[in-house]
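Visitor: below: sequence and its predicted model.
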Amino acid sequence: MLYFFLKNPFVSPRISVTNFDKLAKAHLAALAVANKDGSLSGILADTQRLYEEFSRHLGEKSSSASLKKGQTENVESLVEIVKKFISGQEPNVQYQFRKEPGKYAEFYPNGVTEYRRAGKDELLTLFKRFTTTCLPHADKLGPEAVREAESLLDQLQNARNGQVHKKQTVKDLSGMAAASQEALGVRLYRTLGLLISLHADQPEAINKFFDFSFLPKQVMKRAEGNAVVTA
């Protein structure tokens with residue numbers, strides 16, 4: 001039982017971001033209502049500051065994640081377009097180099113299947129090879145086909161670079177959001193400790209400052225029988 005009192009329930013990995021946000025907002029509102037005499041102004045201001053930082057990081061993470069999703073969809077779309085282009089060029093390459101099988105093999109050393117089965121990063125490497133092989137043969141393959149290969153290669157390379165960069169950005173923002181959530185959770189715990197000392201004779205009064213229903217059921221179950229966290 002003592003372990004529960006020493007463990008901060010507001011930084012539990014079991015609490016969802018959504019419920020933590022609701023709990024923090026409800027707590028801020030309760031502090032504001034109870035601060036008529038100004039005795040809680042310092043706590044209110046510090047909690048508000050930490051909440052705004054948490055909310056900002058959360059918003060940035062969400063926005064960045066949405067952009068990452070869009071970039072992922074763009075990469076996946078380009079991968080299919082590139083594969084279709086390479087497959088579509090195969091009959092032309094085969095015809096143009098029908099008397100030079102060695103040349104055909106430069107384009108398709110392992111057949112069209114190699115390109116069809118490739119993942120995005122492998123395809124990018126293979127498509128660079130394919131495009132480089134096309135360049136000296138624009139007269140046979142047609143300048144439009146070569147220009148399209150170069151254009152698609154640039155698009156796929158840029159899209160993939162953007163996807164990788166955005167993935168790292170989302171990871172960084174996730175770390176900042178988690179850190180700001182923990183900082184706010186520590187602030188809530190400090191306030192809980194203060195309120196316990198102020199209302200030691202009436203612990204049920206603390207319930208108006210915290211909506212403990214937003215805490216995970218596992219945490220609430222461990223607190224069973226504790227008047228501080230029961231309605």
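Guide: In hand now; what should we look at?

Visitor: on contacts alone, who are the packing partners of the helix or strand hosting residue 44?
Guide: Using DSSP states H and E, the element containing residue 44 is helix 41-96. For helix 41-96, the packing partners by 3 or more CB pairs under 8 Å, 6 or more residues apart in numbering; DSSP states H and E come out as helix 17-34, helix 101-107, helix 113-117, helix 120-134, helix 138-141, helix 143-198. Heads up, the C-betas are built off the backbone N, CA and C, glycines and all.

Visitor: hmm, 6 Å instead?
Guide: helix 101-107, helix 113-117, helix 120-134, helix 143-198 (3 or more CB pairs under 6 Å, 6 or more residues apart in numbering; DSSP states H and E).

Visitor: out of those, the one nearest residue 29 is which?
Guide: helix 143-198 (13.5 Å; CB to CB).

Visitor: where in the protein is the helix or strand with the lowest mean pLDDT?
Guide: When each helix and strand of the chain is scored by mean pLDDT, DSSP states H and E, helix 2-6 comes last, with a mean of 52.

Visitor: if we can go back for a sec, would you reformat the helices and strands packed on helix 41-96 as CSV and include distance to residue 29 and mean neighbour count?
Guide: Putting these into CSV (distance: least, CB to CB, whole Å; neighbours: other CB atoms under 10 Å) gives the following:
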stretch, distance to residue 29, mean neighbour count
helix 101-107, 67, 14
helix 113-117, 57, 14
helix 120-134, 47, 17
helix 143-198, 14, 16
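
Visitor: nearest to residue 27 among these would be which one?
Guide: Judging these by CB to CB, what sits closest to residue 27 is helix 143-198, at 6.4 Å.

Visitor: run the angle between the helix holding residue 44 and helix 17-34 for me.
Guide: Helix 41-96 runs at 160 degrees relative to helix 17-34, counting by axes from the mean of the first three to the mean of the last three CA atoms, to 10 degrees.

Visitor: run the chain-centre distance for helix 41-96.
Guide: Its chain's C-alpha centre lies 9 Å from the corresponding centre of helix 41-96 when counted by CA atoms, centre = their mean, to the nearest Å.

Visitor: need the phi and psi values for residue 97.
Guide: Per-residue torsions, residue 97: phi -120, psi 30 (degrees, to the nearest 10).

Visitor: could you measure from it over to residue 91?
Guide: 11 Å (CB to CB, to the nearest Å).

Visitor: does the residue lying farthest from the centre of the chain sit in a helix, a strand or a coil?
Guide: Residue farthest from the centre of the chain, counting by CA atoms, centre = their mean, is residue 99 at 52.4 Å. Assigned by DSSP: H, G, I helix; E, B strand; the rest coil, the conformation of residue 99 is coil.

Visitor: more neighbours, residue 97 and residue 91?
Guide: A count of neighbours by other CB atoms under 10 Å puts residue 97 above the other of residue 97 and residue 91, at 18 against 9.

Visitor: what separation is there between the closest residue to that one other than its chain neighbours and residue 175?
Guide: Leaving aside its chain neighbours, residue 97 sits nearest to residue 103 (4.0 Å; criterion: CB to CB, 6 or more residues apart in numbering). From residue 103 across to residue 175, the span is 51 Å (CB to CB).
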